[in-house]
Each structure stands twice: as C-alpha cells, then as structure tokens.
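In: whatever this is, show me its structure:
(one chain, ligands or ions: 2)
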Amino acid sequence: MITRGCLKIDMNDSIKTIQQQIQTLRETIDMHNYRYYALNAPTIPDAEYDRLFRQLQQLEQHYPQLITSDSPTQRVGAAPLKEFIQVMHRTPMLSLKNAFEDREVEAFDRRIRKELKIDHVEYTLEPKFDGLAVNLTYEKGILKSGATRGDGEKGENITLNLRTIKSIPLRLSLEHPPSLFEVRGEVLILKADFEKLNQEQQKKNKKTFANLRNAAAGSVKQLDPAITAKRRLVFFAYGVGVHEGTAPPYTRQSEAMDYLKTLHFPIACEYKVAIGVKALLAYYHEMTTSRDKLPYEIDGIVYKVNDLAQQAKLGFVSREPRFAIAHKFPAVEDVTDLVGIDVQVGRTGALTPVARLAPVFVGGVTVTNATLHNEDEIKRKQIMIGDKVIVRRAGDVIPEVVAVVPEQRPSHAKSFLMPDHCPICGARAVRLPGEKVTRCTGGLFCPAQRKQAILHFASRRAMDIEGLGEKLVDQLVENSIVRTPADLYKLGLSAMANLERMAEKSANNLLVAIEKSKRTTLARFIYALGIRHVGESTAKDLAYYVGQLDRLMAMNVEQLQMVPDIGPVVALSIVDFFAEKHNREVIEQLRSCGVRWEEHSGKVRQISSLLHGKTFVLTGTLPSITRDAAKEKIEHLGGKVTSSVSTKTDYVVAGSDPGGKYDKAVKLGIKILDEAGLMKLLQDSSGVSN
Ligand SMILES: NC(=O)c1ccc[n+]([C@@H]2O[C@H](COP(=O)([O-])OP(=O)(O)OC[C@H]3O[C@@H](n4cnc5c(N)ncnc54)[C@H](O)[C@@H]3O)[C@@H](O)[C@H]2O)c1
Ligand SMILES: [Zn+2]
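Out: Ligands and ions are numbered 1, 2, ... in the order given. Just a heads-up that it's a prediction; the model follows:
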C-alpha cells in the first residue's frame with residue numbers, strides 16, 4: 001500500500017474497484033461543481049472539495065488509462081446557464097493548478113527552470129482573488145461585451161450586469177485604442193459589503209450567501225441587471241487576453257498589469273515581482289497573516305512566470321497554464337462533527353449555546369468549539385446535535401458554525417432545546433419578548449454573574465461604595481470571600497488582610513465606605529439590584545410611585561404597568577427577578593445586615609384598577625383618537641374590549657355614526673360613553689394621584 005496525501009491506494013484493489021471509486025468521485029465532484037458554479041450555493045467547504053478533487057487526480061495519475069475527457073480533472077468550471085446568451089471565448093479561460101504545501105511550489109519552480117533551462121526565473125506574485133472570473137472585450141476602445149468563464153470555452157453574456165460595476169471602464173483612455181482588447185479579472189464583493197448584504201438578505205427573509213465568492217457570483221449572474229446594480233461589486237484586473245490592432249507596449253505580465261493600471265483598471269496593489277522560489281514562499285507566508293487586513297477576500301497567491309515569451313514557451317495542459325500555479329492558504333472553513341451543544345453563561349447572565357466539535361484545523365489552528373450565537377440562529381441554520389457542520393475561523397474572529405451539511409445528517413441527530421434554567425445556578429432562564437438572548441434571572445447570586453453584579457451594586461449611582469473597584473472585586477470573588485452583595489456587609493478586617501496589595505489603611509477606608517452605604521434610598525437600592533431593563537430612571541419611577549420594597553416585590557405584571565413608563569417587557573423582567581427565591585434571600589440578608597432607606601405610601605393609590613374585569617365595546621368614529629388607541633388604553637388599565645354587545649358588556653363607547661351596536665346597548669340598558677366620558681373614566685381608574 002502507498003500513501004499519498006490523504007489517499008491510500010491499495011495495489012491489491014482490482015481495476016474494477018478503482019474504476020468504481022473514480023466514477024463515484026467524478027459524480028460527486030460534478031454535483032458539487034453544479035452547485036458551486038451554476039447555483040452559487042455549495043454545500044461543502046472548499047477544503048473538502050479540494051480533498052475530493054485531489055483524490056481523483058491521484059487515482060488518475062496512477063491509472064492514466066482510466067482518464068476520460070469528461071472527467072472534472074480535465075475540464076474547467078461548469079457549462080454556462082441556459083438563461084444567459086452564450087459567448088465563445090476567443091482564447092480559453094483556464095483554471096489554475098493548486099499547490100497546498102511549500103514543497104509543491106518548489107517542485108513547480110524546479111520544473112520551470114528545467115524546461116526553460118535557466119537558473120533564476122522571474123515571477124509575479126499576485127493575490128488570488130476569491131470572486132468570479134470575467135472577460136471584458138473592448139472594440140476600438142469601447143466596452144462591447146463581458147462574459148463569465150463558464151466551462152472555459154464558452155461563458156455567459158453578462159454585459160449589462162458588468163456595466164453596472166463602476167470600477168469597470170466603459171471606454172479605454174487611449175487616443176489610438178487597439179481594435180480588439182480583452183481584459184481578464186475578477187468581480188468581487190468587499191468584506192464590509194458582504195456583511196451588509198447578508199444582513200439585508202436576512203431582514204428580507206431571503207437566503208444568505210455562504211461566502212464572498214458566492215455573494216459576488218450570485219450578484220453578477222442576475223437576470224435583472226437592476227439587482228446587480230444595487231449590490232456594491234468591484235472589479236480587479238489581472239491579465240490581458242487578445243490584443244489586436246496596436247503593438248502591445250508590454251512583454252511581461254508585470255508590465256501588462258501596469259498598462260492596465262494606466263487604462264484605469266483597478267489592480268491589486270499588493271502584487272510583486274521576485275526571482276527565485278525563496279522569495280515566493282516568503283511573500284506567501286507574509287500574506288498568510290496580512291490577508292485578514294485586506295478589504296477583499298483572497299484564498300491564496302498566484303505565481304506566474306513574468307516573461308510573456310517564456311509563458312508562451314511553457315504553454316498549457318488541458319485545464320490550466322503550465323507557467324502559473326495557485327498557492328492556496330490554509331482553509332478558513334472545513335467540515336467536522338458537532339458532538340454536542342453546551343450552554344455557557346456570560347457575565348451579564350446571557351446564555352450562549354456553544355458547539356462542541358470533533359477537532360478540526362481551520363484558519364491555522366485546531367478548533368474544538370465554536371459559537372452558535374443564540375437560539376434563533378440555531379433554528380435558522382437548522383442545526384442538530386450529531387450533524388456534520390461547516391466551521392469557519394477567519395482572522396481574529398471567534399470560530400463559528402456557518403451551516404450544516406444536510407445530506408450528511410445521521411439518523412441519530414437530535415434537536416437542541418434551550419434550557420429553561422441556568423446551567424450554572426439553576427435559576428429560571430427567560431427570554432423576554434422581542435429579545436434574542438435567553439438570560440439567567442438569578443442576578444444576585446448566580447456565580448457566572450457575581451463579579452458584574454457586585455461591581456454594579458457598588459457603583460457610584462447605585463450603593464456608591466467608594467474604593468470597591470474591578471481589581472478588588474476580582475480578588476474578593478476569586479478567593480470566595482464575597483459571593484453575593486450581602487457578603488460585602490459581613491466583611492471584616494481579617495478577611496481583607498490576606499488580599500494582595502491591600503494596606504490596612506485602605507482596608508479600613510473600604511469598611512467605612514461599606515458601612516456608610518447602608519443608609520441609602522429606595523431608588524438607589526432598586527437600581528443596585530441590577531434587574532434587566534431597570535436603569536436609574538426606571539428605578540426612580542418605581543421608588544416614587546410604589547414607595548415600598550415589599551409592595552414592589554409583590555406586584556404582578558399588570559400592576560407594574562400602572563406605573564408610568566413601565567411597559568410589559570420591563571414589568572415582566574421585574575416580576576421574573578423577584579420570583580427567584582435566591583434573589584429574595586439576598587435582599588433579606590441585605591436588610592438584616594442593616595441596609596435601609598425611607599419608605600412612603602407611594603403614589604399609586606389603588607394598585608388593582610377599577611377597570612379590571614370590565615368589558616367594553618367600541619363603535620362609530622371617535623373625534624380625536626382612533627379605536628385602536630382607545631382599545632390600547634382600556635387594556636392597559638386591565639379592561640377588555642370585545643366586538644359585540646351583550647348583557648355582559650359594561651360600557652359601550654360610541655362615536656359618530658355608531659350603527660346597530662348603539663341601538664342594542666340602548667335596548668339592553670348598557671352604559672354609553674362618548675370619548676370625553678371614556679377619558680374621564682380612564683383617568684379616574686389609572687390609580688395615579690396627582
Ligand atoms: N465547495 C464546493 O462545492 C466547490 C465546488 C467547485 C469548486 N470549488 C472551489 O473552487 C476551486 C476551483 O475553482 P476554479 O476552477 O475556479 O479554480 P481556482 O479558483 O482555484 O483558480 C482559477 C481562478 O483563479 C482566479 N484568479 C484569482 N486571482 C487571480 C490572479 N491574480 N491571476 C489569475 N487568476 C486569478 C481566476 O478566476 C481563475 O479562473 C476549488 O479549488 C474549490 O476551492 C468549491
Ligand atoms: Zn445563573
């Protein structure tokens with residue numbers, strides 16, 4: 001048995017078995033080609049595709065008698081889509097041979113030197129753009145047509161779409177332009193625009209693009225050029241095709257690039273000219289790290305023999321030039337198994353699902369877990385535990401699961417359920433209406449939230465404990481001296497003596513500050529609890545209108561909404577917080593440690609509203625508010641609005657042209673109000689005096 005890269009070739013395998021393997025690989029690759037080139041919707045990462053392609057290449061290398069002209073290794077891309085008019089290329093648009101390791105580049109250079117019979121070859125070193133290859137044809141200096149690469153021989157006519165890309169000159173700035181001039185380059189979407197595009201797609205509930213190449217290709221291959229025009233696309237030129245009618249003022253690839261630049265075509269300003277393989281590899285390794293800072297995505301470096309006469313001498317093989325090679329960067333995406341989903345709790349109590357992965361090498365490191373963001377993202381991506389997933393790690397960005405490979409879902413795959421309790425402290429975990437994040441409600445005692453909760457509690461606008469900063473809180477929490485805000489009031493000098501860099505004087509000062517903080521106001525205390533959505537001004541409102549902590553702790557969602565400016569989400573968040581037994585225990589401890597404030601009878605007179613249980617019917621047009629607004633006001637105070645009048649109706653609110661409901665109310669003797677009457681009733685019932 002011999003081993004080459006990822007492929008094991010067993011010499012005992014019969015030729016028939018080999019043929020079968022080859023056939024399966026070809027069919028699989030053809031299917032992925034179709035998805036990638038025609039649909040712009042690949043289902044496997046490039047790294048996985050490249051492995052399949054290499055396997056096929058190696059098998060065919062060992063069994064050349066099995067090579068057929070329709071094998072994907074002998075062809076470029078995929079046939080053009082029928083929806084577009086086809087264009088025959090004057091000279092074929094080829095692919096590039098790939099190199100993944102330094103030694104493959106060294107072998108490439110050795111071969112070139114041998115064939116050219118020279119010791120030192122000059123190369124251009126160009127970023128390999130990850131976009132869509134196109135050919136632009138200028139006749140007498142005017143852009144006449146633009147086409148995709150297609151299968152290399154014939155592509156799709158996308159002239160109208162390309163004309164919408166502002167960086168493509170519509171006319172060459174030359175006094176005597178060539179009669180025929182072809183520019184080859186790549187259509188791209190910039191990283192920043194890709195993010196925006198996907199956000200827009202998501203908002204419109206449309207499919208997002210898996211990567212930048214697909215976004216660029218999908219945007220430019222639109223039947224409606226108006227859509228292309230809206231997608232901020234850019235173009236970079238990297239070569240000249242046919243040049244007729246004038247003498248080319250260049251004999252090297254680098255000169256051709258500079259010439260394109262003078263004609264106002266954007267070119268990669270990172271491109272370089274260098275001699276010898278060492279310089280190629282040095283440039284490659286430098287770009288491996290600096291690529292993240294480029295505004296566009298590149299997936300490798302292309303090395304080309306610089307001298308055009310030498311290029312011609314080296315020529316082509318079926319699908320690729322022999323004078324160039326693409327040195328690919330390590331993959332930023334690959335597939336692996338999603339073994340499980342853990343839930344982590346952050347400093348603010350946010351529960352984040354994290355994928356546990358079978359180790360996978362992406363973006364230059366081995367990754368074993370990746371963020372899944374939140375519950376909605378898991379649903380949107382239809383991720384199940386046990387799935388094969390595509391993991392991405394680009395630059396400094398934390399690894400994430402971008403998609404699943406649906407056809408490889410095992411039968412034992414399980415759905416994920418967001419836990420309804422905090423995995424750290426066991427408190428109820430809730431997701432408030434309109435929010436994406438599920439949070440632990442045990443703010444005052446949850447170990448995950450300890451530091452944050454104590455810092456907030458001690459902050460200037462809360463309990464105002466001077467000298468209790470981040471470093472000190474870290475130490476107190478890490479040494480288990482303080483677990484909840486109540487523990488602060490149990491601190492003694494001896495506990496603090498062991499802390500790093502804590503002089504006796506500052507320890508004393510801190511104890512004095514803690515003691516001083518015991519006398520506070522209800523507003524500060526409510527704010528200090530760190531209830532989600534209860535900021536300083538809401539805390540002040542609650543203290544002012546409710547007056548007493550015990551009363552606040554006993555209020556339900558409807559009652560809380562009677563406090564001005566408190567909506568249903570804030571009310572729910574307050575109720576959830578006080579529902580948590582451990583939070584109430586901490587509050588009790590704080591009080592028994594001597595934390596105190598003044599209370600008053602509150603400004604909310606009658607917490608249970610007069611409208612509770614009352615049924616209203618609205619009819620006719622009210623003079624100054626809409627029926628919907630009136631309905632909202634009634635419901636806000638606990639009343640119910642129904643559509644038909646019956647003996648159960650308490651009030652009928654009638655505007656102009658009231659119709660049958662009015663007559664029925666009169667008949668049943670139900671109380672009828674006009675708008676002014678309704679307003680008075682609402683005011684009397686609001687429970688807020690002054
Ligand atoms: N995930 C999938 O299902 C899937 C399917 C098919 C292909 N692919 C990916 O596509 C690759 C093959 O695509 P390909 O045949 O287009 O080859 P390629 O993209 O590897 O290389 C050839 C192309 O490079 C481009 N290029 C960018 N910068 C260049 C420069 N400076 N000079 C010259 N050319 C430059 C040109 O468009 C050219 O056509 C595979 O290696 C794989 O990564 C993935
Ligand atoms: Zn918790």
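
In: tell me which parts of this protein are close to ligand 2?
Out: When proximity is defined as Cβ under 5 Å from the ion, the chain approaches ligand 2 at 422, 424-425, 427, 440, 442, 446. For glycine as for every other residue, the C-beta is placed from the backbone atoms N, C-alpha and C.

In: low-confidence ranges, the stretch 1-150 of the chain, go.
Out: Per-residue confidence of the stretch 1-150 of the chain (counting by pLDDT under 70) places the weak regions at 1-12.

In: domains for this structure, by residue range?
Out: For the chain, the structural domains run 2-74, 86-328, 333-408, 460-592, 615-685, going by automatic domain parsing.

In: and the second one, end to end?
Out: End-to-end distance for domain 86-328: 31 Å, by Cα to Cα, to the nearest Å.

In: what about Leu511, which helix or strand?
Out: Leu511 is part of helix 504-517 when elements are defined by DSSP states H and E.

In: and Tyr238, by the same measure?
Out: Counting by DSSP H and E, the element that carries Tyr238 is strand 233-244.

In: got the angle for the helix or strand following that strand vs strand 233-244?
Out: Past strand 233-244, further along toward the C-terminus, the next helix or strand under DSSP H and E is helix 253-262. Helix 253-262 runs at 120 degrees relative to strand 233-244, counting by axes from the mean of the first three to the mean of the last three Cα atoms, to 10 degrees.

In: which residues touch the helix or strand just after helix 253-262?
Out: Reading on from helix 253-262 to the C-terminus, the next helix or strand found by DSSP H and E is strand 272-275. Strand 272-275 is touched from outside by 120-125, 254, 280, 283, 306, with contacts defined as Cβ atoms under 8 Å, 6 or more residues apart in numbering.

In: stretch 611-628 now?
Out: Around stretch 611-628, the neighbours that count as contacts under Cβ under 8 Å, 6+ apart are 558, 630-631, 634, 637-645, 648-659, 661-662, 665, 675, 681-682, 685.

In: now do 6 Å
Out: Applying Cβ atoms under 6 Å, 6 or more residues apart in numbering, the external contacts of stretch 611-628 come out as 630, 634, 637-642, 645, 648-658, 661-662, 675, 685.

In: same thing with stretch 313-322?
Out: By Cβ under 6 Å, 6+ apart, the surrounding residues in contact with stretch 313-322 are 74, 76, 94-97, 323.

In: got the residues of the stretch 201-350 of the chain near ligand 1?
Out: Taking Cβ under 6 Å from any ligand atom as the criterion, the stretch 201-350 of the chain approaches ligand 1 at residues 238, 302, 326.

In: dump the residues you listed into JSON lines; add neighbour count and pLDDT as well.
Out: What follows is these, written out as JSON lines (neighbours: other Cβ atoms under 10 Å; pLDDT from 0 to 100):
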{"residue": "Tyr238", "neighbour count": "24", "pLDDT": "98"}
{"residue": "Val302", "neighbour count": "21", "pLDDT": "98"}
{"residue": "Ala326", "neighbour count": "19", "pLDDT": "98"}
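
In: for this structure, which spans come out with low pLDDT?
Out: Per-residue confidence for the chain (pLDDT under 70) gives these ranges: 1-12, 604-610, 686-690.

In: kindly export the biggest helix by length in it (C-alpha atoms) in CSV.
Out: Residue-count comparison of every helix in the chain, with assignments taken from DSSP state H, identifies helix 15-33 as the longest. What follows is the C-alpha trace of helix 15-33 in CSV, where atoms were taken according to Å, rounded to 0.1, in the frame of the first residue of the first chain:
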residue,chain,number,x,y,z
ILE,A,15,-9.0,-2.3,-11.6
LYS,A,16,-12.8,-2.7,-11.5
THR,A,17,-12.9,-1.4,-7.9
ILE,A,18,-10.7,1.5,-8.8
GLN,A,19,-12.9,2.3,-11.7
GLN,A,20,-15.9,2.4,-9.4
GLN,A,21,-14.1,4.7,-7.0
ILE,A,22,-13.2,7.0,-9.8
GLN,A,23,-16.7,7.0,-11.1
THR,A,24,-18.2,7.8,-7.7
LEU,A,25,-15.7,10.7,-7.2
ARG,A,26,-16.5,12.1,-10.6
GLU,A,27,-20.2,12.1,-9.9
THR,A,28,-19.8,13.7,-6.5
ILE,A,29,-17.4,16.4,-7.9
ASP,A,30,-19.7,17.1,-10.8
MET,A,31,-22.6,17.5,-8.4
HIS,A,32,-20.6,20.0,-6.3
ASN,A,33,-19.4,21.8,-9.4
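
In: after it, which helix or strand is next? Please name it.
Out: Later in the chain than helix 15-33, the nearest helix or strand by DSSP H and E is helix 46-62.

In: other residues contacting the following helix or strand past that next one?
Out: For helix 46-62, the following helix or strand on the C-terminal side (DSSP H and E) is strand 86-88. The contact list for strand 86-88, computed with Cβ under 6 Å, 6+ apart, reads 80, 147, 154-155, 157.

In: repeat the analysis, applying 10 Å as the threshold.
Out: Outside of strand 86-88, the residues that reach it under the criterion Cβ atoms under 10 Å, 6 or more residues apart in numbering are 79-80, 135, 137, 145-148, 150-151, 153-159.

In: cool, stretch 190-199 as well?
Out: Taking Cβ under 10 Å, 6+ apart as the criterion, the residues outside stretch 190-199 that touch it are 188-189, 206-216, 218-219, 230-234, 292, 294-297, 394-395.

In: circling back to that earlier point, how about the contacts of strand 272-275 in TSV, adding secondary structure and neighbour count?
Out: Output for the contacts of strand 272-275, formatted as TSV (DSSP: H, G, I helix; E, B strand; the rest coil; neighbours: other Cβ atoms under 10 Å):
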residue	secondary structure	neighbour count
His120	coil	9
Val121	coil	21
Glu122	strand	18
Tyr123	strand	28
Thr124	strand	21
Leu125	strand	22
Ser254	helix	20
Leu280	helix	24
Tyr283	helix	20
Asn306	coil	22
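
In: from those residues, pick the one nearest ligand 2.
Out: Top of the list for closeness to ligand 2, among those and by Cβ to the ion, is Tyr283 at 50.6 Å.

In: mind checking which helix or strand Gly340 is in?
Out: strand 333-345.

In: re earlier: the helix holding Leu511: which residues count as buried?
Out: Of the residues in helix 504-517, those buried by neighbour count under the rule 16 or more other Cβ atoms under 10 Å are 507, 510-511, 513-514, 517.

In: secondary structure class for Pro623?
Out: Reducing the assignment to helix, strand or coil with DSSP: H, G, I helix; E, B strand; the rest coil, the entry for Pro623 is coil.

In: report how many residues lie close to it.
Out: Neighbour count of Pro623, defined by other Cβ atoms under 10 Å: 9.

In: just to revisit the earlier point, distance to Thr484 for the contacts of strand 272-275 - can I get that in TSV?
Out: Converted to TSV, the contacts of strand 272-275 look like this (distance: Cβ to Cβ, whole Å):
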residue	distance to Thr484
His120	72
Val121	71
Glu122	71
Tyr123	66
Thr124	65
Leu125	61
Ser254	68
Leu280	61
Tyr283	57
Asn306	70
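
In: of those residues, closest to Asp565?
Out: Tyr283 (61.2 Å; Cβ to Cβ).

In: next, Gln311: secondary structure please.
Out: In three-state terms, and counting by three-state DSSP, Gln311 is helix.

In: that one reaches Lys304, doesn't it?
Out: Yes. In this structure, Gln311 is within contact of Lys304 by Cβ atoms under 10 Å, at 7.3 Å.

In: what touches both of these two?
Out: Among the neighbours of Gln311, those also in contact with Lys304 (Cβ under 10 Å, 6+ apart) are 252-253, 321, 323-324.

In: quickly find the element holding the residue in the stretch 151-300 of the chain positioned nearest to ligand 2.
Out: Checking the stretch 151-300 of the chain residue by residue against ligand 2 with Cβ to the ion singles out Gln202 as nearest, at 30.0 Å. Using DSSP H and E, Gln202 maps to helix 191-203.

In: the inter-axis angle of that helix versus strand 233-244?
Out: 120 degrees.
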